[in-house]
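# Here is the input, now give the coordinates:
(2 chains)
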There are 2 protein chains.
Amino acid sequence: MRFDHVGVATRDAADLADRFCGLLGATIPHEETFDGMRIVFLELDEGRYFELLEPVAGGTIADYLDREGAGIHHVALATDDLPAALDRARDRDVDLVDEEPRPGAWGHDVAFLHPRSTGGVLVEFVEH
Amino acid sequence: MRFDHVGVATRDAADLADRFCGLLGATIPHEETFDGMRIVFLELDEGRYFELLEPVAGGTIADYLDREGAGIHHVALATDDLPAALDRARDRDVDLVDEEPRPGAWGHDVAFLHPRSTGGVLVEFVEH
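Below is the predicted model:
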């Protein structure tokens, strides 16, 4: 299990990407429109990213922005065996948002844990 | 510049540390009481941490918990030259919470950027 990315909800991913690239020396290895969001990955150090999430058609991130405003949305931890990581979470009575891996951005498999089980932190497990 | 840690505001750092250690296989390389907070560092992969922040005597994190509830508070990025990183931020008209490095947890120098300049993300620069 390793840090993979910090997900950030924003109303303008292109503008925020510009800021972070200039300020932090980050690069943009990947961007796409996926699941109703404009998504820009910024690589900071090797294999560690900010994932900027801009809603283009309503949905979860649009609701989050309306409710909470822009800012950090989740933290994603990479695993080599996502089903095993979910089994370990279930064994510890962690509530899951996704009971099974589902397709996420950048072609990765993802599953979210419910923040009620993780101290209010929205944790994503991701398998590349 | 590299990812260093994700800061988490919590009302019970010991309980959350137990959960994260069990769920994620994290270890506890350091804990201390600093600046009115019980602080527990969880190491996930080498040199990457969760920093759990539990207020013991009011202060910024207590206010944050009252206002926002428990969850992700900030993201910290490590640099080998904190004054230069702050100069670069100033050159880009980024508003700073700390104009100069100050002593932070674990004996590190830290400085926070104002989230109004970073898309609502509270960014900490840290120099070990």
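# residues in chain A within reach of chain B, list them.
When proximity is defined as Cβ under 8 Å from any Cβ of the partner chain, chain A approaches chain B at A:1-3, A:6, A:8-10, A:16, A:19-20, A:22-26, A:44-45, A:48, A:52, A:69-72, A:74-75, A:77, A:88-89, A:92, A:94, A:115, A:117-122. Yep, even glycine has a C-beta here, placed from its N, CA and C like the rest.
# Do you have the strands of chain A handy? List them.
Here chain A has its strands, by DSSP state E, at A:2-9, A:27-34, A:37-43, A:49-55, A:71-78, A:102-103, A:109-112, A:123-127.
# Please identify the most buried of the ones you listed.
With neighbours taken as mean count of other Cβ atoms under 10 Å in any protein chain shown, the strands of chain A reach their highest mean count in strand A:49-55, at a mean of 25.
# Starting from that one, tell me which strands it pairs with and how they run.
Strand A:49-55 sits in its sheet next to strand A:2-9 (parallel), strand A:37-43 (antiparallel), going by DSSP bridges.
# Pull the residues that contact the longest one.
If you take Cβ atoms under 8 Å, 6 or more residues apart in numbering or on different chains as the criterion, strand A:2-9 is touched by A:16, A:41, A:47-53, A:61, A:64-65, A:68, A:70-78, A:124, A:126, B:3, B:6, B:44-45, B:48, B:75, B:119-121.
# biggest helix in chain A, by residue count?
Criterion DSSP state H: the longest helix present in chain A is helix A:13-24.
# got the angle between that helix and strand B:123-127?
20 degrees (axes from the mean of the first three to the mean of the last three Cα atoms, to 10 degrees).
# Mind listing what's buried along helix A:13-24?
Under the neighbour-count criterion of 16 or more other Cβ atoms under 10 Å in any protein chain shown, helix A:13-24 has A:Ala13, A:Leu16, A:Ala17, A:Arg19, A:Phe20, A:Leu23, A:Leu24 buried.
# contacting residues for A:Thr33?
Here A:Thr33 is in contact with A:Ile39, A:Val56 (Cβ under 8 Å, 6+ apart).
# How much space separates it from chain B?
19 Å (Cβ to the nearest Cβ, to the nearest Å).
# For that residue, give the beta-bridge partners.
A:Arg38.
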